[in-house]
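Enquirer: model the following, please.
(chains A and B)
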Amino acid sequence: MNESLMQPDEVRHHAERANAVLDELDRILLGRNDLHRMVVIGILARGHILLEGVPGLGKTALAKALGDILGLQLKRVQFTPDLMPGDILGTNILQETSGGQRTFQFQPGPVFTNVLLADEINRASPKTQSALLEAMQERAVTMFGVTRALPSPFFVLASQNPIEFEGTYPLPEAQIDRFLFKLQVLGLDADVLDEIISTRRRGEPPEPRARLTPADLDELFAAVDRVFLPRAVSRYIARLVAATHGNAVETIGKYVSLGASPRAAIALAEAGRAQALLSGRPSVGFEDVRRVAHAVMNHRLILNYRARLDGVHAHQILDGLLGSVDETEMNLPDDVVVRGSARA
Amino acid sequence: MRAVTSLEKRLTAVLYVRQLLIWLAFWCIALGVAGLIARFAFGVSAWWLIASLPIVVAGAALHARRMRPSRDALLALLDAEANCGGLLMASASVPMGAWSVEDVRVPRVHWTGRRHVVMAALAAVFAAAVLLTPLHARQTKQTLDVRRDADQLQKRVDLLREEQVIPDARAQAMTAAIETLRREADAEDPAKAWETLDSMAEATAQAAREAGEDALRRGEQLTRAEAMAMALSDSALEPSKVAEGMKDLAKESENLLSDLPASLREAIAKDSLTQEQLEHLAAAAGMKKGQLRSTLNKLRQAGLLDPKTLRQFDDAANAGDRKDLARFLRQNANRGSFSTQIGQWCQGGKPGRDRGRGDAPMFFGEDAEENGKFREQTLPAAAAATLNESRVVAVSAAEPEGNDSQRSAGGALTSVQAGSGSAITPVVLPRHRATVERFFERKKQ
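Expert: Take a look at the predicted model:
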């Protein structure tokens, strides 16, 4: 529990730093302001991010730019069907010492980095995908009985093609639940494309400038931790997640076979904190939760066959959920309405 | 915080009014029902029930207080309304430091309470109607409408009095009872009124039945007197038995004495009636029977007498044919006294299809002609068919009855030629011919 709110100067300082990262991302990659904001929120909340979109939309460029801006080490793994877990985590190799002895020595894989860009993660087999489970949750790797901690901070920025694509393996629920956000990378409109063509030679983005040091990032993480989460907001988060189970909301009862996990509630709280800090506030409001709700929960709702038949997507269900759960918990009779308290 | 306090007050006020209307509505309904029971079952005033009103007011206040949202919820609402981003909520939990929340506007509280107002108003009208209805309205006696039954009963009493079936005093008593019943028939105890009506109706019916039985008895007596007078007038008795016959006639004519002329009464008393006086006596007996018949007919039409009694009277009042009577007396001259023979004659056995009672002597009247034959008559088809399967069990002296309207006008075999063997004469319409031909062609194949 926070002893006191962060003071305005502190909040302003941290918010400016975070927004500097955001501005730099917006400068490098055009036309994706909302996506960049959610990515920064995800980083501030120390969560892993899954970017979904067809090839060629700038997912990889975004991850690389982010690594450069944050001043973190970035490694990229191109996931393919023949990729093995050892190719990611590392393996023991036989080496000869100067004394002529031969010993196994651990050769760290690309996962030992600050930012792991798992490109086209759903092209690898489920076995290889699952190799990241411990790394993403525990931020450590255990091989041959030895657990090795990963560098701090550690993020996975994964990109995946839509699962309808040929040659893809859907991520297991256990792993997809470990991603804080799943963000849709959509196409750009004509104006943005025109700006890219006219301002960038061969479409190459400008060189990213490092805006933060790892120490700055740690400070930002600490600041996010100090953002106050009011009791009413935490209850709102809890009721939102609980409402994804059961039939209280009609569309959920009809289309959702498995609701969001407790991780979703934790993720909503953390992402809400990061969103509040990015907005320059020391406390989380309902609006912050609503803003991150889609990114946090859209991949955590397991839809049933009826949803596929009716062409219903998780975002539509989440719209219904956010519209039906009363954030203030007034519990007033239907005929008594405080203006604005009942959300349409 | 002032905004929270203000919103809390507004919300509490709205909830209180809402709950008060609901509680009042239920209270009014309960009050009305209790008032109905108290006033109309026990006849006591229900105004004292209004004393429970303070309980309703207090209950509504308590209920509204319980429904009131918590202060945290109100803070959350104000925070969301003012887009404070959680600062307002945080202000209630942690020190704000340099942060300050400007005074936020208090949102308006909307209540669509028309439904509750209407419900409470209707309930109040119901309760008021129950409480304000004058108590004496309940005490006003509700009379039972027995006018139609009383009128019918009165008509029967009047008829019985007119026909002298009941004496005037009894008729007046019954009329008075009917009038009392008209006035005092109580709707709250209709069984009593109906029982009284039934009792009086039974009394009139009983009087009518007794009158019918008396008329039947007198009719038989008159018939015997008429038959005796006819027999004596036709000299159907042997001279040696005339005196005895005169005595018997005098005895049977007692009922007629009051209606007969003095000279005739004296002649009867002296057992020396002339033929003219005997005819007069027979006519007087017949007239008296006609009067009785008229009375009985009126009683039957009024529903006081059953048709069977009337038929019995008609049978008893039939003195028969004079010639047959004379022949009967001659044939049975040596079988009992004159009075006994007349009694047997009147019991039945007169010529015709009616044989009278079982113990009546057989008498066939005129002998049938040797070459006589029954009149030809067409029987209905059903009766003709029955004849083929019948067997003779007796031969009736009377003519078989028939009715031309029952004659067979046609049947299933009417248009069937001999040898066709079927009652069905199907007609194939031209438009069906092809279908029929295809059907039979199919069978051949």
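Enquirer: tell me which residues touch residue 212, please.
Expert: Just so you know, I chose chain A. Applying CB atoms under 8 Å, 6 or more residues apart in numbering or on different chains, we find residue A:212 in contact with A:17, A:20-21, A:69-71, A:220. For the C-beta atoms, the positions are set from N, CA and C on the backbone; glycine is no exception.
Enquirer: my question was about chain B, not that one.
Expert: Residue B:212 neighbours (CB under 8 Å, 6+ apart): B:296, B:299, B:305, B:309, B:313.
Enquirer: what does chain B have sitting close to chain A?
Expert: Contact residues, chain B versus chain A (CB under 8 Å from any CB of the partner chain): B:7, B:11, B:14-15, B:18, B:67, B:69, B:72-77, B:79-81, B:83-87, B:89-90, B:93-99, B:107-113, B:115-116.
Enquirer: try 7 Å
Expert: Proximity of chain B to chain A (CB under 7 Å from any CB of the partner chain) is limited to residues B:11, B:14-15, B:18, B:69, B:72-73, B:76-77, B:79-81, B:83-87, B:89-90, B:93-99, B:107-113.
Enquirer: in stretch A:189-200, what counts as buried?
Expert: For stretch A:189-200, burial by neighbour count (16 or more other CB atoms under 10 Å in any protein chain shown) applies to residue A:196.
Enquirer: averaged pLDDT, that stretch. What do you get?
Expert: For stretch A:189-200, mean pLDDT is 86.
Enquirer: okay, and the helix or strand of the chain with the least pLDDT?
Expert: Assuming you mean chain A. helix A:305-310 (a mean of 81; mean pLDDT, DSSP states H and E).
Enquirer: other chain: chain B
Expert: Scanning chain B with mean pLDDT, DSSP H and E, the lowest is helix B:135-139, at a mean of 57.
Enquirer: heading C-terminal from it, find the next helix or strand.
Expert: Downstream of helix B:135-139, the next assigned helix or strand under DSSP states H and E is helix B:147-162.
Enquirer: what residues of the helix or strand following that next one count as buried?
Expert: Downstream of helix B:147-162, the next assigned helix or strand under DSSP H and E is helix B:168-184. Neighbour-count burial for helix B:168-184 flags B:171, B:174, B:177-178, B:181-182 (criterion: 16+ other CB under 10 Å).
Enquirer: again, but for stretch B:205-214
Expert: In stretch B:205-214, counting by 16+ other CB under 10 Å, buried: B:205, B:207-208, B:211-212.
Enquirer: same deal with stretch A:95-114?
Expert: A:106, A:109-114.
Enquirer: ok, back up a step: and the residues of chain B next to chain A, which of them are buried?
Expert: Looking at those with 16+ other CB under 10 Å, the buried ones turn out to be B:11, B:14-15, B:18, B:69, B:72-73, B:76-77, B:79-81, B:84-87, B:89-90, B:93-94, B:96, B:99, B:107, B:109, B:111, B:113.
Enquirer: in which helix or strand would I find the residue of the stretch 201-350 of chain B found nearest chain A?
Expert: Proximity of the stretch 201-350 of chain B to chain A (CB to the nearest CB) peaks at residue B:201, 64.7 Å away. Of the helices and strands defined by DSSP H and E, residue B:201 is found in helix B:190-233.
Enquirer: mind checking how far that helix is from the chain centre?
Expert: 25 Å (CA atoms, centre = their mean, to the nearest Å).
Enquirer: related to what we said a few turns ago, pLDDT, secondary structure and distance to residue B:226 for the buried residues of stretch A:95-114 - can I get that in CSV?
Expert: What follows is the buried residues of stretch A:95-114, written out as CSV (pLDDT from 0 to 100; DSSP: H, G, I helix; E, B strand; the rest coil; distance: CB to CB, whole Å):
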residue, pLDDT, secondary structure, distance to residue B:226
A:106, 88, strand, 152
A:109, 92, coil, 146
A:110, 93, coil, 146
A:111, 93, coil, 143
A:112, 94, coil, 148
A:113, 93, coil, 147
A:114, 91, coil, 146
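Enquirer: among those, which are in reach of chain B?
Expert: Okay, of these, nothing touches chain B (CB under 7 Å from any CB).
Enquirer: of the residues you listed, closest to chain B?
Expert: residue A:114 (31.0 Å).
Enquirer: report the contact partners of the closest residue to the closest one other than its chain neighbours.
Expert: In this structure, residue A:114 finds its nearest non-sequential neighbour in residue A:72, 3.6 Å apart by CB to CB, 6 or more residues apart in numbering or on different chains. The contact partners of residue A:72, by CB atoms under 7 Å, 6 or more residues apart in numbering or on different chains, come to A:114-115, A:214.
Enquirer: check which helix or strand covers residue A:72.
Expert: With DSSP H and E as criterion, residue A:72 is part of no helix or strand.
Enquirer: please tell me the pLDDT value assigned to it.
Expert: Reading off the model, residue A:72 has pLDDT 88.
Enquirer: for it, give its distance to residue B:99.
Expert: For residue A:72, the distance to residue B:99 equals 33 Å [CB to CB, to the nearest Å].
Enquirer: of the contacts of residue A:212, buried ones?
Expert: By 16+ other CB under 10 Å, the contacts of residue A:212 give A:17, A:21, A:69-71, A:220 as buried.
Enquirer: of those residues, which is the nearest to residue A:295?
Expert: Nearest to residue A:295, judged by CB to CB, of the buried ones among the contacts of residue A:212 is residue A:21 at 17.5 Å.
Enquirer: contacting residues for that closest one?
Expert: Taking CB under 7 Å, 6+ apart, one finds A:40, A:69-70, A:211-212 in contact with residue A:21.
Enquirer: from these, which land in strands?
Expert: Nothing among the contacts of residue A:21 maps onto strands, per DSSP state E.
Enquirer: which residues sit in contact with the residue most central in space within chain B?
Expert: For chain B, the residue sitting closest to the mean C-alpha position, by CA atoms, centre = their mean, is residue B:149 at 11.8 Å. Residues in contact with residue B:149 (CB under 7 Å, 6+ apart) are residue B:197.
Enquirer: got the residues of the stretch 1-150 of chain A near chain B?
Expert: A:2, A:4-5, A:7-8.
Enquirer: sort out for me which of these are in helices.
Expert: residue A:8 (DSSP state H).
Enquirer: could the residues of the stretch 1-150 of chain A next to chain B go into CSV alongside pLDDT?
Expert: Output for those, formatted as CSV (pLDDT from 0 to 100):
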residue, pLDDT
A:2, 47
A:4, 79
A:5, 85
A:7, 90
A:8, 90
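Enquirer: out of the residues of the stretch 1-150 of chain A next to chain B, who's the most crowded?
Expert: The most crowded member of the residues of the stretch 1-150 of chain A next to chain B, judged by other CB atoms under 10 Å in any protein chain shown, is residue A:5 (25 neighbours).
Enquirer: residues contacting the closest residue to that one other than its chain neighbours?
Expert: Spatial nearest neighbour of residue A:5, excluding adjacent residues (CB to CB, 6+ apart): residue A:282 at 4.3 Å. By CB under 7 Å, 6+ apart, residue A:282 lies in contact with A:5-6, A:11, A:227-228, B:99.
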